[in-house]
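Chemist: okay, predicted coordinates and the sequence, questions at the end:
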Amino acid sequence: MLGSDALRLVAALTHTLPTVSAVLRLDHGPDVVVGSDRRCLPDLSPCGLRRVVGEHRDLHRGWSGGPELTWLSSIVAVELGGPEVTQVLEDVVCVGGRDEPVVAFSTLLDPLATRAVLRDVGHDLLAAGGVDPELLRTLRASTFHDEVLGTTTVVVAEPAAVGPGCREVVRTASRACRVAELVESVTAPR
């Protein structure tokens with residue numbers, strides 16, 4: 001079974017970026033395709049997945065909100081993609097086919113914590129000499145918080161002139177968010 005946190009991240013990413021789709025692989029029965037793009041032949045819209053995962057999250061937090069959603073527990077894997085997705089690096093999705101390509105990922109951190117991690121990653125990369133300072137000055141990150149899912153999606157415009165450096169910076173930020181999520185999970189009061 002895929003963890004509920006992973007499903008929250010997938011739901012956030014597909015809901016925030018309509019060009020991203022997901023194939024939910026089940027332990028029985030046909031795969032479920034989630035997406036907005038008709039070229040993917042979706043079975044479920046990103047809004048529908050967001051609603052179902054949000055209701056599932058509420059049930060696990062002890063809130064009543066609907067029937068137990070057992071089909072979510074049969075998801076064993078997720079494949080991100082879509083007609084305009086050019087690359088998936090770990091949990092970072094690169095989307096082309098736009099005026100300006102973007103690189104994005106979702107995190108369980110709230111927007112303020114996410115912004116703090118992004119800032120710290122930039123400072124650490126500069127201090128280590130691991131990135132061109134001009135590259136960091138050109139990058140602009142937008143954060144989109146989703147109250148229903150308790151997630152934040154980070155979207156970074158990928159300027160054409162910077163090459164693969166942008167993707168590496170975003171991947172480093174995504175990894176740093178995962179570490180912060182882990183630290184937050186073990187230090188949070190129960």
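Modeler: Structure received.
Chemist: strands of the protein, residue ranges please.
Modeler: Along the chain, the segments classed as strands by DSSP state E run 21-26, 32-34, 75-81, 85-89, 92-95, 102-107, 141-146, 151-157.
Chemist: export those to CSV and tack on mean neighbour count?
Modeler: Where C-beta positions appear, they are placed from N, C-alpha and C, glycine not excepted. Shown next, in CSV, are the strands of the chain (neighbours: other C-beta atoms under 10 Å):
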stretch, mean neighbour count
strand 21-26, 20
strand 32-34, 20
strand 75-81, 15
strand 85-89, 14
strand 92-95, 22
strand 102-107, 25
strand 141-146, 16
strand 151-157, 22
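Chemist: which one, of those strands, ends up nearest to S174?
Modeler: With C-beta to C-beta as the criterion, S174 lies closest to strand 102-107 of these, at 4.3 Å.
Chemist: got the angle between the longest helix seen in the chain and strand 102-107?
Modeler: In the chain, with assignment by DSSP state H, the single longest helix is helix 165-187. Comparing the axes of helix 165-187 and strand 102-107 via axes from the mean of the first three to the mean of the last three C-alpha atoms, to 10 degrees yields an angle of 10 degrees.
Chemist: and the contacts of helix 165-187?
Modeler: With C-beta atoms under 8 Å, 6 or more residues apart in numbering as the test, helix 165-187 has contacts from 87, 89-92, 94, 103-105, 107-109, 113-114, 117-118, 120-122, 125, 131-132, 135-136, 139, 141, 154, 156, 158-159.
Chemist: swap the cut-off to 7 Å and go again
Modeler: Contact with helix 165-187 is made by 89-92, 94, 103, 105, 107-109, 113-114, 117-118, 121, 125, 131-132, 135, 139, 154, 156, 158, as judged by C-beta atoms under 7 Å, 6 or more residues apart in numbering.
Chemist: picking that back up, make CSV from the strands of the chain and add mean pLDDT and distance to A11 to it.
Modeler: CSV is the format used below for the strands of the chain (pLDDT from 0 to 100; distance: least, C-beta to C-beta, whole Å):
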stretch, mean pLDDT, distance to A11
strand 21-26, 95, 9
strand 32-34, 95, 8
strand 75-81, 94, 10
strand 85-89, 92, 16
strand 92-95, 94, 14
strand 102-107, 96, 8
strand 141-146, 96, 8
strand 151-157, 96, 8
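Chemist: how's the chain carved up into domains?
Modeler: 1-83, 84-190 (automatic domain parsing).
Chemist: mean pLDDT lowest for which of these?
Modeler: If the domains of the chain are sorted by mean pLDDT, domain 1-83 sits at the bottom with a mean of 85.
Chemist: measure the most centrally placed residue in the chain to H123 for me?
Modeler: The centroid of the chain falls nearest to S106 when counting by C-alpha atoms, centre = their mean (2.5 Å). Separation of S106 from H123 (C-beta to C-beta, to the nearest Å) stands at 23 Å.
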